[in-house]
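In: Next comes the sequence, and after it the predicted model I'd like to discuss.
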Amino acid sequence: MALAGHAATVRIRTSTGIGTSGDNIDGVNQVSLSRVRDELEITNFEDGADKEFILGLAGGEVTGSGQYESADTPFGRLVTAFGDGTDVFVIILWNGTAGHEAPGKVTKLDISAGVGGLVDCSWTVRLSGAVTGV
């Protein structure tokens, strides 16, 4: 069954292992969990013209964007973690009740404003550990 994007919620915590509890980040209008695996080439000269490879380690990132709300506690956790390099745990509940927990480091934080628009923000958390279902 397809899910409506508007039902998704995003939470930021500084600890893991407590299920889906926590406060939602206010103003989020886009979130993405991207996973990738390293491709390790193992081709040798005797194998002919076709490459061979094996899969290596998995990694990825969580990106999000939306309206900046300076008093939002979960967004403040992203700002703090960006500044001091501590881990955050991003909880994405795709349907509002179930989804993924992704641990990582905040590697990008962007806040911008246009003269005729809202103050927007975007952020990236580079995965550092296993993504689990919640």
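Out: Received, thanks.
In: Next, the buried residues of stretch 83-94.
Out: By neighbour count with 16 or more other C-beta atoms under 10 Å, stretch 83-94 contains the buried residues 87-94. All C-beta spots, glycine's among them, are computed from the backbone N, C-alpha and C.
In: wait, I meant stretch 62-82
Out: Buried positions in stretch 62-82, judged by neighbour count with 16+ other C-beta under 10 Å: 62, 64-66, 68-69, 72, 74-75, 77-79, 81-82.
In: For that stretch, measure first residue to last.
Out: Stretch 62-82 has an end-to-end distance of 14 Å (criterion: C-alpha to C-alpha, to the nearest Å).
In: Give the rounded mean pLDDT of that stretch.
Out: Average pLDDT, stretch 62-82: 93.
In: ok, and what's touching that stretch?
Out: With contacts defined as C-beta atoms under 8 Å, 6 or more residues apart in numbering, stretch 62-82 is touched by 10-14, 22-34, 86-88, 90, 92, 102, 104-107, 109, 111, 118-125, 127.
In: Return a PyMOL selection command for the buried portion of those.
Out: Of those, the buried ones go into a single PyMOL selection, burial set by 16+ other C-beta under 10 Å:
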select buried, resi 10+11+12+13+22+24+25+27+28+31+33+87+88+90+92+102+104+105+106+109+120+121+123+124+125+127
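In: Could I get the phi/psi values of the spatially most central residue of the chain?
Out: With distances taken as C-alpha atoms, centre = their mean, the residue of the chain nearest its centroid is V62 (1.7 Å). Recorded main-chain torsions at V62 are phi -110, psi 130, according to degrees, to the nearest 10.
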